[in-house]
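# below is the sequence, then the predicted model.
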Amino acid sequence: MKQPKVINHLVVHCSASRPKSKTDISTITRDHKARGFSTIGYHYVIYRDGSVHKGRPDTEVGAHVTARNVGSLGICLVGGLNDDSGKPENNFTEAQFDSLRQLLFTLTKQHPQAKVLGHRDLSPDLNKNGKIERSEWVKECPCFDVRTWWG
Ligand SMILES: [Zn+2]
């Protein structure tokens, strides 16, 4: 499915995997295909070493966030779970944050109207107060406050 002309959201995700696990484009693609997607749902994946890998073409609608895939691009940071407990954790590397910043600079130039936010910021506003609060998060993804970090 082709994207519309206007990209509204640049959505940051995490792979929800332990840093010590082997998670890369091929394992994520395999997982997503097992969930019934045609291929990897994200448009970009940033590895622990900061390297940026291309997923789906930006011109194709992704599969990364409920009801908001059309007109958004999904960027996935590898990590996000504590190595020991398996609980959500902001454990991304400096190299990942540097690459994410550069990628978002490029993408916001291409799509000046796009908002940068985290997956959890697109959770449903259950009490309709106009804010997505912690109690409303569908999941922790990506385990840090993207808007504060980017802002
Ligand atoms: Zn996510």
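Cool, got the structure. Since we're looking at a predicted model, the values are computed, not measured. Residues are numbered from 1 along each chain as shown.

# all contacts plus neighbour counts: C-alpha atoms, from now on.
OK.

# host element of K109?
helix 94-110 (DSSP states H and E).

# pLDDT of stretch 102-111, averaged?
Predicted confidence along stretch 102-111 averages 98 (mean pLDDT).

# in that stretch, what's buried?
Along stretch 102-111, the positions that meet the burial threshold by neighbour count (16 or more other CA atoms under 10 Å) are 103-104, 107-108, 111.

# which bits of the protein sit near the ion?
Taking CA under 5 Å from the ion as the test, the list of the chain residues beside the ion reads 13, 119, 141.

# correct me, but the second one touches H13?
Just to be clear, that refers to H119. Yes: distance between H119 and H13: 5.7 Å, which falls inside the contact criterion (CA atoms under 8 Å).

# now do the shared contacts for the two.
For the pair H119 and H13, residues contacting each of them under the criterion CA atoms under 8 Å, 6 or more residues apart in numbering are 141-142.

# what residues of stretch 92-99 count as buried?
Along stretch 92-99, these residues count as buried under the neighbour rule (16+ other CA under 10 Å): 92-93, 96-97, 99.

# same check on stretch 133-146?
Of all the residues in stretch 133-146, those buried under the rule 16+ other CA under 10 Å are 136-137, 140-146.

# what pLDDT does V52 get?
Reported pLDDT at V52 in the predicted model: 98.

# look up how far A34 lies from it.
Relative to A34, V52 is positioned 23 Å away (criterion: CA to CA, to the nearest Å).

# more neighbours: which of these two?
Set side by side, V52 and A34 show more neighbours around V52, with 18 against 11, by other CA atoms under 10 Å.

# between the buried residues of stretch 92-99, which is nearest V78?
Minimum distance to V78 across the buried residues of stretch 92-99 is 7.6 Å, recorded for F92 (CA to CA).

# quick check: that closest one touching Y47?
No: using CA under 8 Å, F92 and Y47 do not qualify as a contacting pair, with a distance of 9.4 Å.

# can you list residues touching both of the two?
Between them, F92 and Y47 share the neighbouring residues 77-78, with contact defined by CA under 8 Å, 6+ apart.

# next one: the nearest residue to D121 once chain neighbours are set aside from Y42, what distance?
The spatial neighbour of D121 that comes closest, neighbours along the chain excluded (CA to CA, 6 or more residues apart in numbering), is I132 at 6.1 Å. As judged by CA to CA, I132 and Y42 stand 23 Å apart.
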